[in-house]
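Chemist: Sequence and predicted structure, then a few things I'm wondering about:
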Amino acid sequence: MKRDFGFAKTRYRGLAKNLHHLQIAMASASLLMTARATVIQARMKTAVTTG
């Protein structure tokens, strides 16, 4: 997750801000994984129908 979104440093800005940052990062990671899975499934369907 860190590599995908460029979070290299740990920030200590308060518990509420750290929690919010973590929630946003996890939501973004979830969306990214879903998008990647969708692309893979589309490619597999195309390969099956053309192959």
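Modeler: Sure, I can see it.
Chemist: Please compute how far the biggest helix by length in the chain lies from its chain's middle.
Modeler: For the chain, the helix that runs over the most residues, judged by DSSP state H, is helix 15-50. In this view, helix 15-50 has its centroid 5 Å away from the chain centroid, taken as C-alpha atoms, centre = their mean, to the nearest Å.
Chemist: Could I get the average pLDDT for it?
Modeler: Mean per-residue pLDDT for helix 15-50: 88.
Chemist: and that helix, what does it pack onto?
Modeler: Packing partners of helix 15-50 (3 or more C-beta pairs under 8 Å, 6 or more residues apart in numbering; DSSP states H and E): helix 2-5. No exception for glycine: its C-beta is placed from N, CA and C like everyone else's.
Chemist: mean confidence for the helix it packs on?
Modeler: Mean predicted lDDT for helix 2-5 stands at 60.
Chemist: Could you give the number of residues near residue 23?
Modeler: Look at residue 23: counted by other C-beta atoms under 10 Å, it has 10 neighbours.
Chemist: Check residue 21 too.
Modeler: Applying other C-beta under 10 Å, we find 13 residues neighbouring residue 21.
Chemist: Ok, residue 28 next?
Modeler: 13.
Chemist: for residue 15, same thing?
Modeler: 8.
Chemist: Distance of it relative to residue 47?
Modeler: According to C-beta to C-beta, to the nearest Å, residue 15 stands 48 Å off from residue 47.
Chemist: Give me the most central residue, this structure.
Modeler: residue 29 (2.1 Å; C-alpha atoms, centre = their mean).
Chemist: ok now do residue 34, which residues does it touch?
Modeler: For residue 34, no contacting residues are found, by C-beta atoms under 8 Å, 6 or more residues apart in numbering.
Chemist: how far away is it from residue 20?
Modeler: Plainly put, residue 34 is 21 Å away from residue 20 if you go by C-beta to C-beta.
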